[in-house]
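[1] Dropping a prediction and its sequence here:
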Amino acid sequence: MREIKASDITKLVQRLFVEANYTLPPDLAGLIEDASQNEPDPLGKQILCRLCENLKAAKVYNVPICQDTGLAVVFVELGQDVHITGGNFEEAINAGVRAAYLGGYLRCSVVGDPLFSRKNTNDNTPAVIHTEIVPGDKLKLILLPKGGGSENMGQLKMLVPSQGLQGVKDFVLQCVTSAGGNPCPPIIVGIGVGGTMDKATLLAKKALLRRIGEPNPDPRYAQLEKELFFEINATGIGPQGLGGRITALAVHIEYFPTHITQLPVAVNLNCHAARRAEAVL
């Protein structure tokens, strides 16, 4: 049994959330740079160039990439041979979120009661934590600061099996076109297929964690990703919804077995500032 201190988890979460909000992963930053060179529409090209300038300015002036520094989403892969010492595991994560958002001067965007008082918690806690128990003695954290604009554009549809592949494609395209410029395109499109309604939405969120453009290992789903990528970029929505060829930077699909009567499909969109950070203890 390997012991990991709760205080070490707090320190790591704090560091990663600040890093994620200040600097995009290299794979995504490079893709936006490439898009600025390849967008044929003059206005779309100008917008993408401005996005590149924004990323550079965030690095030079050491400020967040976007004013919406997101709701803290944390994916955990916890080795079954790990024992957390010196504190509660989820409290350790929330302490790291609190320290990152207050100490890193990140906008706190969480309201404690979603329906009635909607009073801000003033420290961006609690985080949304998804924990998976895996073999081994390591703790892996993947952090996703998820902005409200793109999250609001997510959708879930409980299709029936007879709607099949075409039904899935039609629903995904309907989600993207109805979202238009609201999720700040160019977007990353996360799609979850199968499971139950809650599992499908979780799969769609997890799809956003994959390295940008890395295909699904199943060639059938990889082909579907390619087809949807082409069709989404043929909509003409373009950067920031103002027209152009580049609406999506990537389409990622995750799937899971489902009931014989069901075909759940969820779509979770991420803006061009698809922030994420990860580390292993």
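    Nice, I can see it. Numbering: from 1, shown residues only.
[2] the strands in the stretch 101-250 of the chain, which residues?
    Along the stretch 101-250 of the chain, counting by DSSP state E, counting those that start in this stretch, strands occupy 128-134, 139-146, 155-159, 187-195, 248-258.
[3] Serialize the ones you listed to JSON lines and add fields for mean pLDDT, mean neighbour count and distance to D27.
    Where you see a C-beta, it was placed from the backbone N, CA and C, and this is true even at glycine. Below are the strands of the stretch 101-250 of the chain laid out as JSON lines (pLDDT from 0 to 100; neighbours: other C-beta atoms under 10 Å; distance: least, C-beta to C-beta, whole Å):
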{"stretch": "strand 128-134", "mean pLDDT": "98", "mean neighbour count": "13", "distance to D27": "22"}
{"stretch": "strand 139-146", "mean pLDDT": "98", "mean neighbour count": "23", "distance to D27": "14"}
{"stretch": "strand 155-159", "mean pLDDT": "98", "mean neighbour count": "17", "distance to D27": "26"}
{"stretch": "strand 187-195", "mean pLDDT": "98", "mean neighbour count": "25", "distance to D27": "11"}
{"stretch": "strand 248-258", "mean pLDDT": "98", "mean neighbour count": "21", "distance to D27": "9"}
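[4] just the helices in the stretch 1-150 of the chain please.
    Taking DSSP state H, counting those that start in this stretch, the helices of the stretch 1-150 of the chain run over residues 6-22, 26-38, 42-61, 89-103, 148-151.
[5] And the average pLDDT for the shortest one is what?
    Mean pLDDT, computed over helix 148-151, is 96.
[6] Just send the strands of the stretch 101-250 of the chain back as JSON lines, with distance to V265 too.
    JSON lines is the format used below for the strands of the stretch 101-250 of the chain (distance: least, C-beta to C-beta, whole Å):
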{"stretch": "strand 128-134", "distance to V265": "20"}
{"stretch": "strand 139-146", "distance to V265": "20"}
{"stretch": "strand 155-159", "distance to V265": "5"}
{"stretch": "strand 187-195", "distance to V265": "5"}
{"stretch": "strand 248-258", "distance to V265": "10"}
